[in-house]
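Engineer: just coords:
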C-alpha cells in the first residue's frame, strides 16, 4: 500500500468511526510509525474540513447536530460538576476557550461526551498536577457544546444558569426571570455591527479589551495608533473602547468627529497623576509644544510606513 492509498483508507476509517481514533491505533493497523500517521493526518486535514484532533484521537465533526457556545465561570474544583451537568443533559463538550488579554483567543479540544469522560479528564488533571485553562482568566472561559437539538441546548443553558455557572451579559435580574431578555454574545455583536453601520461610526479597541469587543472593532492597537486610524476613517463618529485620555487624543486628531468613550469613568492612573497646572507652567511643557508638530509628522510617517 502506497502513501496515497493509506491516506484514503485513514479517511474511510474516520468517516465510519463512532468515537475518536488514536494515531497509535492507526499506526498499528497500517504497520507504520505514529509519526507517519500524524503526517498523513496533517495532509488529510488540510484538504478535508471538519477533522478534529482531540486528546483521545481524531474525529470527523458531524453536520447533523446543533452547536452553541456558552460563556461560563467557576473555580477548578467545580470543573467536574459543570461538565457532568452538560453531559447529563445530552451535551457533548467539544472544546474550551479563553479570551486572554495578551494571547487573544486560546482554544483546546476536549471531546467530553459522558461521565466516564469527565472522570478521566478530572483524573488526568490530578495526576499531572496541572491547572485548568481558565485559571489564566480568573475562571472565565467558553465551551462549544454540541447536542442533538436546539431544545437540548436550551436545557443545558437553563441548567448552567440555575447552577450559577453561566456568565451571560445580564440585565440585573434573576436567571429564571430574565431568560427571554438575555441576548447571547453573538446576538449582541450582530446588533452592534448593525448599529455602527447605521450610525456611521467606527469602533476603536485597545489591545487589552476582551475578545468579544475586539471581534466587533474596526481597529485594534495602542492609544495613539488608534487615534491616527480614527483620523483616517471616513466615519462621522468614533467609539473609543479604552480610557479617557485615549478618547481625548482621538478628539484632538479628529476635531470634526463626535467621539464617545465606551465607559465614561474609565481612567488611567498614570495620566491622573499629572499636575496640569504645574506642567503648563514648566519649561518642559513649552519645549514639548514646540516639538509637537515635528513629533506628529514623524509618527504619521512611521504609521504610513507600517501600513505599507
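Structural biologist: Happy to help now that I have it. None of the values given here were measured: they were computed from a predicted structure. Numbering: from 1, shown residues only.

Engineer: Which strands or helices does the helix or strand hosting residue 220 pack on?
Structural biologist: Residue 220 is located in strand 219-221, with elements delineated by DSSP states H and E. Here strand 219-221 touches strand 201-206, helix 223-232, going by 3 or more C-beta pairs under 8 Å, 6 or more residues apart in numbering; DSSP states H and E. All C-beta spots, glycine's among them, are computed from the backbone N, C-alpha and C.

Engineer: Can you report the mean pLDDT over the residues of the next helix-or-strand element following the longest one?
Structural biologist: Towards the C-terminus, the helix or strand next in line after helix 223-232, according to DSSP H and E, is strand 237-241. The predicted model gives strand 237-241 an average pLDDT of 92.

Engineer: and the angle from strand 237-241 to helix 223-232?
Structural biologist: Orientation check (axes from the mean of the first three to the mean of the last three C-alpha atoms, to 10 degrees): strand 237-241 against helix 223-232 gives 160 degrees.

Engineer: same for strand 237-241, what does it pack against?
Structural biologist: strand 201-206, helix 244-253, strand 258-261.

Engineer: closest to residue 234 out of these?
Structural biologist: Among these, the nearest to residue 234 by C-beta to C-beta is strand 201-206 (8.7 Å).

Engineer: what are the pairing partners of that closest one, and which direction each?
Structural biologist: Using DSSP bridges, the strands paired with strand 201-206 are strand 219-221 (parallel), strand 237-241 (parallel).

Engineer: can you pull the contacts of residue 18?
Structural biologist: Shown in contact with residue 18 (C-beta atoms under 8 Å, 6 or more residues apart in numbering): no residues.

Engineer: For it, grab phi and psi.
Structural biologist: Residue 18 adopts backbone torsions of phi -90, psi -10, taken as degrees, to the nearest 10.

Engineer: Check which helix or strand the residue lying closest to residue 107 once chain neighbours are set aside maps to.
Structural biologist: Distance criterion C-beta to C-beta, 6 or more residues apart in numbering; nearest residue to residue 107, sequence neighbours excluded, is residue 97 at 4.3 Å. For residue 97, the element it lies in under DSSP H and E is strand 92-100.

Engineer: mind checking how far that strand is from the chain centre?
Structural biologist: Chain-centre distance of strand 92-100: 9 Å, with C-alpha atoms, centre = their mean, to the nearest Å.

Engineer: So for it, mean pLDDT?
Structural biologist: The pLDDT scores in strand 92-100 average 90.

Engineer: Same check on stretch 186-204?
Structural biologist: The model assigns stretch 186-204 a mean pLDDT of 87.

Engineer: what ranges do the helices span in the stretch 1-150 of the chain?
Structural biologist: Assigned helices in the stretch 1-150 of the chain, in chain order: 3-16, 23-30, 34-47, 79-88, 115-128, 150-162 (criterion: DSSP state H, counting those that start in this stretch).
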